[in-house]
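I'd like to go over a predicted model; first the sequence, then the structure.
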Amino acid sequence: MNMNQIRILEAIYAYLVSRTDPEVQDALNSENLIFSHENRLYKFKTYQAKSSKYTFIDYSLGNFELNKEQHVFYGVHDTYKAFNLEESKVGTLRELSNIEIARSQIFKLLHQIDFAYLEERYPKLKTDSYAYDVYLLETDKFLPIYKFSESASFELVSIA
């Protein structure tokens, strides 16, 4: 998956977590999506800030000021269509009080996403290849910002 798809994934993860039991939400909100890229494991964010669960903010230098570019994912309805799910199935997440089971069910759902449909609706949710708060797991190395190649490809491998 590419960086635009990862940002879509971040939004959908936030939505699915919001549908869980409040205690499960607290635990899952402190966890990260883990990606594999070129046989290395990374955790990172595709945004510099968020103003809501679904509004991603990127900054750039403008004339005499800092430009704030907001990208909004409006896709609750799109999420159901991308999963081919019914509300009742996502509603079942609220009934799960076991964090490990909720995490595994969300992880499985994230692997069922129809990215072709969502990228048609959100082709420019992420317009560059910068990642923020990057943590390379194998080397225990933290980078505040990192630029992946434009053609970088990732695979979601865990939530931790």
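Alright, I've got the coordinates.

okay, CA-based contacts and neighbour counts for the rest of this
Fine.

from what I see, T127 and Q5 are in contact.
No. T127 lies out of contact with Q5 (CA atoms under 8 Å); the separation is 10.9 Å.

those two: who's more crowded?
The neighbour count for T127 versus Q5, taken as other CA atoms under 10 Å, is higher for Q5 (21 against 12).

helices or strands next to the worst-scoring helix or strand of the chain on mean pLDDT in the packing?
When the helices and strands of the chain are scored by mean pLDDT, DSSP states H and E, helix 87-91 comes last with a mean of 74. Contacting helix 87-91 under the criterion 3 or more CA pairs under 8 Å, 6 or more residues apart in numbering; DSSP states H and E is no other helix or strand.

next structured bit after that helix?
Downstream of helix 87-91, the next assigned helix or strand under DSSP states H and E is helix 99-110.

and that next one, what's buried?
99, 102-103, 106-107, 109-110 (16 or more other CA atoms under 10 Å).

cool, stretch 32-52 as well?
Applying 16+ other CA under 10 Å to stretch 32-52 flags 32-35, 41-47 as buried.

check stretch 125-138 too.
Within stretch 125-138, the residues that qualify as buried are 125-126, 129-136, counting by 16+ other CA under 10 Å.

show me the residues you listed that map onto strands.
Judged by DSSP state E, the buried residues of stretch 125-138 include 130-136 as members of strands.
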